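> Have a look at this prediction, sequence included:
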Amino acid sequence: MFKIGDYCFLIPFPVLFFILFIIATLNIGCNSNKLKTFPVEGIVTIDGQPLEEGMIRFRPKHKENRYSAYGSVKKGNYKLQTTGGDFEAGAIPGEYLVVFSVLAPPLSNDQDAEATETLPNLYTKVEETPFSATVVKGKNLFNFELKSNP
């Protein structure tokens, strides 16, 4: 019997067990959605100067890790975040290939005009990038030096 105030309820054990099971499952599911990530930050320069604005992306080297990490570069500085992790919390441990993107706005006011990539393919394509990083437990610091004409 289950009592709330002046009211008594008879809840069969299987129903009570089912309700408790659902509550426990929901609680466990809520806590397990976050990935265990570690801080990743650093500096990106181009020709010795801080990269004014752009994007950085850590792409997993191995299929076991299916989570990329990404961040924006502003005045040379970046901090990574991973989809499914806390904001700016970094990346999950593992090996990554590192790519960059710096887009120039369209030259025309046409709505169909697209922004153009200003960096060489060497830095924007996973298949060509010379940069890699291994994220470990704890704080990670990676600096990258790009060149306009590699």
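In hand now; what should we look at?

> If the residue sitting nearest the centre point of the chain is in a bridge, with which residues?
Using Cα atoms, centre = their mean, the residue of the chain that lies closest to the mean C-alpha position is residue 82, 1.7 Å off. Note on residue 82: beta-bridge partners residue 69, judged by DSSP bridges.

> how near is it to residue 62?
15 Å (Cβ to Cβ, to the nearest Å). Backbone N, C-alpha and C define where each C-beta goes, glycine included.

> list the contacts for the closest residue in space to residue 76 that isn't next to it in sequence?
Spatially, and ignoring its direct neighbours in sequence, residue 76 is nearest to residue 50 (2.6 Å; Cβ to Cβ, 6 or more residues apart in numbering). Applying Cβ atoms under 8 Å, 6 or more residues apart in numbering, we find residue 50 in contact with 43-44, 75-77.

> same check, this time on residue 53
Counting by Cβ under 8 Å, 6+ apart, residue 53 makes contact with 72-75, 102.

> Can you give the domain ranges for the chain?
2-32, 40-146 (automatic domain parsing).

> what kind of secondary structure is residue 58 in?
Residue 58 falls in the strand class when you classify it by DSSP: H, G, I helix; E, B strand; the rest coil.

> I'd like to know the phi and psi angles of the closest residue to residue 48 other than its chain neighbours, please.
In space, and not counting its chain neighbours, residue 48 is closest to residue 145: 7.6 Å by Cβ to Cβ, 6+ apart. The phi and psi values for residue 145, taken as degrees, to the nearest 10, are phi -110, psi 110.
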